[in-house]
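Trainee: how would this look folded up:
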Amino acid sequence: MQGPLRGSVHRFVLGDTEITTILDGAFPMGISPPFMLDKSAEDVERIATNVNLPTDRLENNFVPVVVNTGDALVLIDTGFGKSKRDGGAGHLRPLLHDAGYAPEDIDVVFITHAHPDHIGGLWEDGDLAFPNAQLMIGRQEFDAWKSGDGIPEQRAENRAMFLKVVAPLEDKFRFIEDGDEIATGVTAQAAFGHSPGHMMVRVESAGQQALIWSDVANHYVFSVEHPESTVGFDDDKEMAIATRKRVLAETAESGVLVVGHHMPFPSVGYVQRNGDSLRWVPATYQLRI
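Mentor: Numbers count the residues shown, from 1 in each chain. Model prediction:
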């Protein structure tokens, strides 16, 4: 017996663009908290049991994305980096080689928001992990973390990390507003709430679209099927709920392909109406034929 085996790199073609999802890592954790904070223990058990999930634990995975437009190689978020490499995450940079890329090949690094699993991989052994990349982040996100305004107390360690890891690079960043183009066919869109300036990325190529929604929804059942439920990870919980409900409704209506940082790897799928609720439907062979 050799134990479980899972893939860590997945790529699909969208029009004239290639999108690669990479499993930076995964951690087991309890369900409530951080999820279903407004539900009773009995409700949580029922919801988990109905979809054949454990009633007390879940797996939280972390999935940065590489978008190859043909003209630019864009990395969306950097994972945890070396600090978590012995603890189950931080594998993005070494796994780039399995995807056929080197860290030096990355042209753009776009940070959707400044939580640890998105900024921790900016550095490697004291040097920039992606030395040739133009760094980008939302202006509202950067300013909030730099000033500390609106950052909840539970994020004190996170802010200290930001000041150490991100703030010193201020002169190297291009600051992004809602609707700005990151690369040809790759556009940033505001999705505030999970963090003060949290952003999504929309990719358009040859008449096809994908929405890389980062942390709009953090679990494929507890967030997607229950978007109104309070999530401990959200910095502005009311705004995050409003954004989650809006984006989920839009994705269900449009049928757009979605890539989610915390959706089950390879983290690619669709949001569909299921009666009065919603559900996450993983993409399968429709991306290959």
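
Trainee: can you pull the pLDDT of residue 1?
Mentor: The model reports residue 1 with a pLDDT of 96.

Trainee: ok, now how distant is it from residue 219?
Mentor: 30 Å (CB to CB, to the nearest Å). C-beta: built from backbone N, CA, C; applies to glycine.

Trainee: Show me which residues of stretch 138-147 are buried.
Mentor: 138, 140, 141, 142, 144, 145, 146 (16 or more other CB atoms under 10 Å).

Trainee: Return the distance of that stretch from the chain's centre.
Mentor: Its chain's C-alpha centre and that of stretch 138-147 lie 18 Å apart, by CA atoms, centre = their mean, to the nearest Å.

Trainee: before we move on, back to that, the more surrounded of residue 1 and residue 219?
Mentor: residue 219 (25 against 2; other CB atoms under 10 Å).

Trainee: Break down the protein into its helices, ranges please.
Mentor: Here the chain has its helices, by DSSP state H, at 41-50, 92-95, 116-119, 139-147, 156-165, 237-254.

Trainee: Buried residues, the fifth one. List them.
Mentor: Buried residues in helix 156-165, counting neighbours by 16+ other CB under 10 Å, are found at 158, 159, 161, 162, 165.

Trainee: can you give me the strands in the stretch 51-200 of the chain?
Mentor: 57-62, 65-68, 73-76, 108-111, 123-124, 127-128, 134-138, 173-176, 181-183, 186-190, 199-205 (DSSP state E, counting those that start in this stretch).

Trainee: winner for burial among those?
Mentor: Highest mean neighbour count of the strands of the stretch 51-200 of the chain: strand 73-76, a mean of 26 (counted as mean count of other CB atoms under 10 Å).

Trainee: list the helices and strands it packs on?
Mentor: If you count contacts as 3 or more CB pairs under 8 Å, 6 or more residues apart in numbering; DSSP states H and E, strand 73-76 packs onto strand 65-68, strand 108-111.

Trainee: Take these and write them to a markdown table, including distance to residue 130.
Mentor: Below are the helices and strands packed on strand 73-76 laid out as a markdown table (distance: least, CB to CB, whole Å):
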| stretch | distance to residue 130 |
| --- | --- |
| strand 65-68 | 11 |
| strand 108-111 | 5 |
